[in-house]
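Visitor: this one's sequence-less:
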């Protein structure tokens, strides 16, 4: 598939999807959201791929919604509208359902809608130069891509309220401290860190990782009791167990 707003690169079982609108700080318009979703779908169907890395070109992961794309439409009740909501929700749903590990490699600014997308990913690794924040209240927009549900589940209700009510942009080190991201690393180490993480993931059973991802994401929507039942009763197509155990026995 040909893309206009993203760059699709595949290497050694990892696909990198780069949001490529640096002149607009990788702001998210409907076309870009749809292209990212299509790229994630493409990588998800590739049997050679185990890891998908989502990042941005230039100084930003993404500055968030491209308000230019809203046009002259009347903005009612704090909503950006279906023109952005529909492709954004579809993208996040695809990220969460695709049977691959999706890593958000946050290379710079990551605000609001972009943070909602990052929160939909499996892992978030950020440059120490990155800044992350929820600026919905600054512009008078209500969240509609999952911020009000995923953010408190990630960092706790009190911290989520603080970030959302103040619209503060926090440094990556603080984001790591409160559990918003997995790691904050020096900018010059970001690429190396993500590549090493991808290699570790690729060395394990990708079918089992896909099962884990499904159990984690589905289980978080239910009570502990329902989650335990889900884990006990789910069936997964994991085909490499015997081979991996056989290799272990050979080493013993």
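Guide: Structure received. Because the structure is predicted, anything quoted here is derived from the model rather than measured.
Visitor: tell me the secondary structure for residue 143?
Guide: coil (DSSP: H, G, I helix; E, B strand; the rest coil).
Visitor: which non-adjacent residue is nearest it?
Guide: Leaving aside its chain neighbours, residue 143 sits nearest to residue 136 (5.4 Å; criterion: CB to CB, 6 or more residues apart in numbering). C-beta here means a position set from N, CA and C on the backbone, and glycine is covered the same way.
Visitor: now that neighbour: how far from residue 89?
Guide: Remark: distance between residue 136 and residue 89 (CB to CB, to the nearest Å) = 16 Å.
Visitor: contact partners of stretch 25-36?
Guide: 3-6, 17, 19-21, 54, 56-69, 83-84, 87-88, 90-91, 109, 113-114, 117 (CB atoms under 8 Å, 6 or more residues apart in numbering).
Visitor: nope, stretch 231-246 is what I meant
Guide: Stretch 231-246 has contacts (CB under 8 Å, 6+ apart) with 205, 207, 208, 210, 211, 214, 215, 219.
Visitor: first-to-last residue distance for that stretch?
Guide: End-to-end distance for stretch 231-246: 25 Å, by CA to CA, to the nearest Å.
Visitor: what sits against the residue nearest to residue 143?
Guide: Per CB under 8 Å, 6+ apart, neighbours of residue 136: 112, 142, 143, 147, 164, 167.
Visitor: swap in 10 Å and give it another go.
Guide: By CB atoms under 10 Å, 6 or more residues apart in numbering, the contact set of residue 136 is 64-65, 78, 80, 111-113, 116, 142-145, 147-148, 164, 167.
Visitor: in helices, which of those residues appear?
Guide: 113, 116, 147, 148, 164 (DSSP state H).
Visitor: and of those residues, the nearest to residue 43?
Guide: Proximity of those to residue 43 (CB to CB) peaks at residue 116, which lies at 20.2 Å.
Visitor: wait, that closest one sits on residue 88?
Guide: Yes: contact criterion CB atoms under 10 Å: residue 116 and residue 88 qualify, at 7.4 Å.
Visitor: rewinding a little: quick check on the residue nearest to residue 143: phi, psi?
Guide: Phi and psi for residue 136, reported as degrees, to the nearest 10, are phi -50, psi -50.
Visitor: now it: how far from residue 29?
Guide: Counting by CB to CB - residue 136 and residue 29 are separated by 18 Å.
Visitor: equivalent analysis for residue 52, please.
Guide: Taking CB to CB, one finds residue 52 at 21 Å from residue 29.
Visitor: the two: who's more crowded?
Guide: Set side by side, residue 52 and residue 29 show more neighbours around residue 52, with 26 against 20, by other CB atoms under 10 Å.
Visitor: part of a helix, is residue 92?
Guide: Yes: assigned with three-state DSSP, residue 92 falls within a helix.
Visitor: what about the helices in this structure?
Guide: Assigned by DSSP H, the helices in the chain fall at 30-45, 82-97, 113-120, 136-139, 147-155, 157-166, 172-177, 190-202, 206-219, 224-233, 241-251.
Visitor: which one of those is the most hemmed in?
Guide: Highest mean neighbour count among the helices of the chain (mean count of other CB atoms under 10 Å): helix 113-120, with a mean of 26.
Visitor: centre of the chain versus that one, how much separation?
Guide: Its chain's average C-alpha position is 6 Å from that of helix 113-120, according to CA atoms, centre = their mean, to the nearest Å.
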